[in-house]
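Need coordinates for the following:
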Amino acid sequence: MTHALEIDLASGALAEIIADIAEEAARLILPYWRSNTAVETKADASPVTEADRAAEALILKRLREHWPEVEAVAEEAAAADGVPAAVGDWFWLIDPLDGTRGFVQGRESFTVNIALIHGVAPVAGVVTAPALGVTWASTARGKGAVRRALGEAWRSIQVRDRPADGIALVSHSISDEEAQRLAARHGCNQWQGTDSSLKFCMIAEGRFDAYPRLGPTNEWDTAAGQAVLEAAGGRVLGADGLRLAYRKPGFLNGAFTALGG
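The predicted structure follows:
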């Protein structure tokens, strides 16, 4: 059933297609940014806008056009209808607008995330930052990770060797004291707060060294970023010290740490 999908994954065609889809969604989102778009509150108290819903509808439509047999677990559908009780061996995890709070506040670090899961592992992923005009992607298996700015060609990226004075990225949702403690726990004397899956990509391109996260997240928040970071030579480890896995109950993550070299 997934023969075409596996061929596209192996050849790198899948990465190109989902990058184009994410960038199309980014173009749809941008007119809503800094435009006083209406904000609603979901049952989990997180915000949602028409941009989230429109981008998700577009992404789901495009994925069905290319690979109609592959199921999808997407943030807004899950919020409206609940997460599915079960999915197949291959499925998509989609966050159409990660960092909605920052988006509503006019910040730039919101992203579009599309990831392909096989079994319990992310095997392909794309992250696009609409306001920054940049996309990051894992390529064909074993071929690394790439980055492109709007209108430019792909270029390879990789994590850096850990410097003596590492820099951590942390969520904006934690206090300065907690950020400092988390950074120090992972050998980083400096830290910077930012939104969304952008943190995975900034480590993947060798600008930062760690992203520790304590609070719960959804699997669609992390899957695409994890695919990019792992393709660039990094790791994402759960609290048990093992590779962060997917298809967990409720599609929820516990604590994890994303690491570069």
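
C-alpha from now on. contacts and neighbour counts both.
OK.

How about the nearest residue to residue 212 once chain neighbours are set aside: which residues does it bridge to?
Leaving aside its chain neighbours, residue 212 sits nearest to residue 257 (4.2 Å; criterion: Cα to Cα, 6 or more residues apart in numbering). When bridges are called by DSSP bridges, residue 257 pairs up with residue 212, residue 237.

Number of residues surrounding residue 105?
11 (other Cα atoms under 10 Å).

Distance check, it against residue 36.
Residue 105 sits 9 Å away from residue 36, taking Cα to Cα, to the nearest Å as the criterion.

Could you double-check that the residue nearest to residue 212 lies in contact with residue 238?
Yes - at 6.6 Å, residue 257 and residue 238 qualify as touching, with contact defined as Cα atoms under 8 Å.

Domain boundaries for the chain, per the record?
Annotated domains of the chain cover 3-157, 166-259 [automatic domain parsing].

mean pLDDT lowest for which of those?
Mean pLDDT is lowest for domain 166-259 among the domains of the chain, at a mean of 90.

what's the distance between it and the middle of its chain?
Between the centre of domain 166-259 and the centre of its chain there are 11 Å (Cα atoms, centre = their mean, to the nearest Å).

so how far does it reach from one end to the other?
With Cα to Cα as the measure, domain 166-259 spans 11 Å from end to end.

Stretch 133-151 too?
One end of stretch 133-151 sits 9 Å from the other (Cα to Cα).

same thing with stretch 210-228?
With Cα to Cα as the measure, the ends of stretch 210-228 fall 14 Å from one another.

and that stretch, which residues are buried?
With burial defined by 16 or more other Cα atoms under 10 Å, the residues of stretch 210-228 counted as buried are 210-213, 218-228.

Quick one: mark the members of those residues that sit in helices.
With DSSP state H as the criterion, helices contain 219, 220, 221, 222, 223, 224, 225, 226, 227, 228 from among the buried residues of stretch 210-228.

roughly how far apart are the residue of the chain most remote from its centre and residue 93?
Ranked by distance from the centre of the chain (Cα atoms, centre = their mean), the top residue is residue 164, with 27.8 Å. According to Cα to Cα, residue 164 stands 36 Å off from residue 93.

returning to that earlier point: among the domains of the chain, which is the most enclosed?
Using mean count of other Cα atoms under 10 Å, the stretch among the domains of the chain with the largest mean neighbour count is domain 166-259, at a mean of 21.

can you pull the contacts of the residue lying closest to residue 56 once chain neighbours are set aside?
Using Cα to Cα, 6+ apart and skipping residues adjacent in sequence, the residue nearest residue 56 is residue 96, 5.0 Å away. Going by Cα atoms under 8 Å, 6 or more residues apart in numbering, residue 96 touches 25, 52, 53, 55, 56, 59, 74, 75, 111, 112, 113, 114.

next one: residue 246
Residues near residue 246 by Cα under 8 Å, 6+ apart: 117, 119, 120, 121, 122, 219.

Which one of those is nearest to residue 41?
Relative to residue 41, the closest of those is residue 219; by Cα to Cα it sits at 20.1 Å.

OK, contacts around that closest one?
93, 246, 251, 252, 253.

Including secondary structure, could those go into TSV?
What follows is these, written out as TSV (DSSP: H, G, I helix; E, B strand; the rest coil):
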residue	secondary structure
93	strand
246	coil
251	helix
252	strand
253	strand
